[in-house]
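# Mind looking at a prediction? Sequence and model below.
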Amino acid sequence: MAVAQRNRRFWLEPAIVFAAWAVFGLLLANQSYIQAALAGRQMPVLVAVRPALVEAALWAITTLAIFWLARRYPIERGRVLRGIVVHLVGAIVIALARTGVMVVLGWYVTWVRPRDFTIWFWGTSSQNLLYYALLLGIAHLVLYYRRYREREHAAEQLARGLTDARLQALKMQLQPHFLFNTLNAISALIPAEAKPARRMVARLGDLLRATLEHEDAQEVTLREEIAFLEPYLEIEQARLEDRLTVVMKIAPETLDARVPHLILQPLVENAIRHGIAARIEPGRVEISASREPDDRFLQLEIRDDGRGMDRDHEARRRRGVGLTNIRSRLEQLYGAEHRFRLENHAEGGVLVRISLPFRRDDATSGT
């Protein structure tokens, strides 16, 4: 079903473009026929239709090429100069190609009048440039409309997901008090001298409390996300002791950036579980955050120095609940504006790299 739908979408745009230009060609042929009749000349219908349809077919192919270039190199904020240069070159190349096709047709097709390449190129250059600009504008309108529809669809999916999550939360309203009371009871039963165990239970309570405080938030600042991660790291370091070393390389300018809530913890948990806990020797997990060179994206990286992934191991991790959930959330929150990569690092271990649009939190940016 999905394959058939994709096939329909693939052929829909060319079909619409060719149909639109065919109508234009027929209107052009009709105009030529009427003008000939008004001038007192008899013009067979075929003589009027053939050149008009050839012209329409060339413009249909040209339109598809321009639409492809517009999708590949849109003129948008941050890429205006590149887009303009690409499309200026594209306009020249397309004009040369159209002229070449008409000249060759004049050589081999009897009813196409011969043309001189240079004269025809310069004679039609203004028309070609005008049509290119017009079609490029239409392509951008279509592109922006599709993006709007995609964001609207993603927002609807996110809203449905939030509704389901709230319904689930209503079922679990009584559980937080039960959990905290149970943790306090467990802590009271632990002997006073077992301070690490008491501290571990206390940090688990902090972890649960932080989760509940942000249960309705889809995004938090990176500062808050790291603060939420710290109780979990303390629990794991108490469990693994000297076998776990955690290094954070967080660029200060990234701390106020907005990130999905609970994005780091499952990724760090994966790194510890698969890269550190599964072996005897000590291991290291690095957590870093930086801005990409163009300052438009925030880059998050989580890397362990374990043995890495073989194909079976990679397939299992990619299908895991944590990674599947993260990918789904990133898709719903950011659409095509994010990147997610899970791969073996060249120096050993597994690297997860996430790129998100860099957006400062309004409450901390002062705007």
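Right, received. Where do you want to start?

# Report all helices and strands that the helix or strand where Glu13 lies contacts.
Using DSSP states H and E, the element containing Glu13 is helix 2-38. Applying 3 or more C-beta pairs under 8 Å, 6 or more residues apart in numbering; DSSP states H and E, we find helix 2-38 packed against helix 45-72. In this view, the C-beta of every residue, glycine as well, is placed from N, C-alpha and C.

# Run the chain-centre distance for the following helix or strand past the helix it packs on.
As assigned by DSSP H and E, the chain's next helix or strand after helix 45-72 is helix 80-108. Distance, stretch centre to chain centre, for helix 80-108: 31 Å (C-alpha atoms, centre = their mean, to the nearest Å).

# the inter-axis angle of helix 80-108 versus helix 45-72?
150 degrees (axes from the mean of the first three to the mean of the last three C-alpha atoms, to 10 degrees).

# got the buried residues for the helix holding Glu13?
17-18, 21, 24-25, 28-29, 32-33 (16 or more other C-beta atoms under 10 Å).

# for stretch 113-131, same thing?
Using 16+ other C-beta under 10 Å as the test for burial, stretch 113-131 gives 115, 120-121, 124, 128, 131.

# quick check, Leu262 in a helix?
No: under DSSP: H, G, I helix; E, B strand; the rest coil, Leu262 falls outside any helix and is assigned coil.

# follow-up on the earlier one: from the chain's centroid, how far away is the helix holding Glu13?
Centroid separation for helix 2-38 versus its chain: 32 Å, with C-alpha atoms, centre = their mean.

# average model confidence for that helix?
For helix 2-38, the per-residue pLDDT values average out at 71.

# Could you tell me the model confidence score at Val350?
90.

# Touching, it and Gly306? I think so.
Yes: in terms of C-beta atoms under 8 Å, Val350 counts as a neighbour of Gly306; the distance is 6.6 Å.

# which residues do these two both contact?
271, 274-275 (C-beta atoms under 8 Å, 6 or more residues apart in numbering).

# ok, of the buried residues of helix 2-38, which one's closest to Leu69?
Nearest to Leu69 among the buried residues of helix 2-38 is Val17, at 14.2 Å by C-beta to C-beta.

# wait, isn't the closest one in contact with Ile66?
No: Val17 is beyond contact range of Ile66, at 10.1 Å (criterion: C-beta under 8 Å).

# got the buried residues of helix 2-38 as TSV, with distance to Leu323 columns?
Converted to TSV, the buried residues of helix 2-38 look like this (distance: C-beta to C-beta, whole Å):
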residue	distance to Leu323
Val17	40
Phe18	43
Trp21	46
Phe24	50
Gly25	52
Leu28	56
Ala29	58
Ser32	62
Tyr33	64
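
# low pLDDT regions in this protein?
1-10, 33, 45-48, 163-217, 312-321, 362-367 (pLDDT under 70).

# how's it carved up into domains?
By the assignment in automatic domain parsing, the chain contains the domains 2-159, 173-205, 214-365.

# hey, which of these is tucked in deepest?
Of all the domains of the chain, domain 214-365 has the most neighbours on average by mean count of other C-beta atoms under 10 Å, namely a mean of 16.

# element containing Leu324?
Residue 324: Thr, not Leu. Thr324 is part of helix 321-334 when elements are defined by DSSP H and E.

# Could you do Arg341 as well?
strand 339-344.

# same for that strand, what does it pack against?
Secondary-structure packing of strand 339-344 (3+ C-beta pairs under 8 Å, 6+ apart): helix 311-319, helix 321-334, strand 350-357.

# With distance to Arg82 added, can I get those in TSV?
Shown next, in TSV, are those (distance: least, C-beta to C-beta, whole Å):
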stretch	distance to Arg82
helix 311-319	33
helix 321-334	22
strand 350-357	19
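
# Go through the ones you listed and name the closest to Met43.
Of all the helices and strands packed on strand 339-344, helix 321-334 sits nearest to Met43, with 57.3 Å by C-beta to C-beta.

# Convert that closest one to PDB, retaining C-alpha atoms only.
Below are the C-alpha coordinates for helix 321-334, written out as PDB (Å, rounded to 0.1, in the frame of the first residue of the first chain):
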ATOM      1  CA  VAL A 321      12.700   0.900  22.200                       C
ATOM      2  CA  GLY A 322      14.900   3.800  23.300                       C
ATOM      3  CA  LEU A 323      16.400   4.600  19.900                       C
ATOM      4  CA  THR A 324      13.100   4.000  18.100                       C
ATOM      5  CA  ASN A 325      11.400   6.400  20.500                       C
ATOM      6  CA  ILE A 326      14.100   9.000  20.100                       C
ATOM      7  CA  ARG A 327      13.900   8.900  16.300                       C
ATOM      8  CA  SER A 328      10.200   9.200  16.300                       C
ATOM      9  CA  ARG A 329      10.300  12.200  18.700                       C
ATOM     10  CA  LEU A 330      13.000  14.000  16.600                       C
ATOM     11  CA  GLU A 331      11.000  13.400  13.500                       C
ATOM     12  CA  GLN A 332       7.800  14.900  15.000                       C
ATOM     13  CA  LEU A 333       9.600  17.800  16.600                       C
ATOM     14  CA  TYR A 334      12.000  18.800  13.900                       C
END
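
# which secondary structure elements does that helix contact?
Judged by 3+ C-beta pairs under 8 Å, 6+ apart, helix 321-334 is in contact with helix 117-171, strand 258-260, helix 264-270, strand 339-344, strand 350-357.

# any chance of these in JSON lines, with distance to Leu300 too?
As requested, the helices and strands packed on helix 321-334 are exported to JSON lines (distance: least, C-beta to C-beta, whole Å):
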{"stretch": "helix 117-171", "distance to Leu300": "21"}
{"stretch": "strand 258-260", "distance to Leu300": "7"}
{"stretch": "helix 264-270", "distance to Leu300": "7"}
{"stretch": "strand 339-344", "distance to Leu300": "10"}
{"stretch": "strand 350-357", "distance to Leu300": "4"}
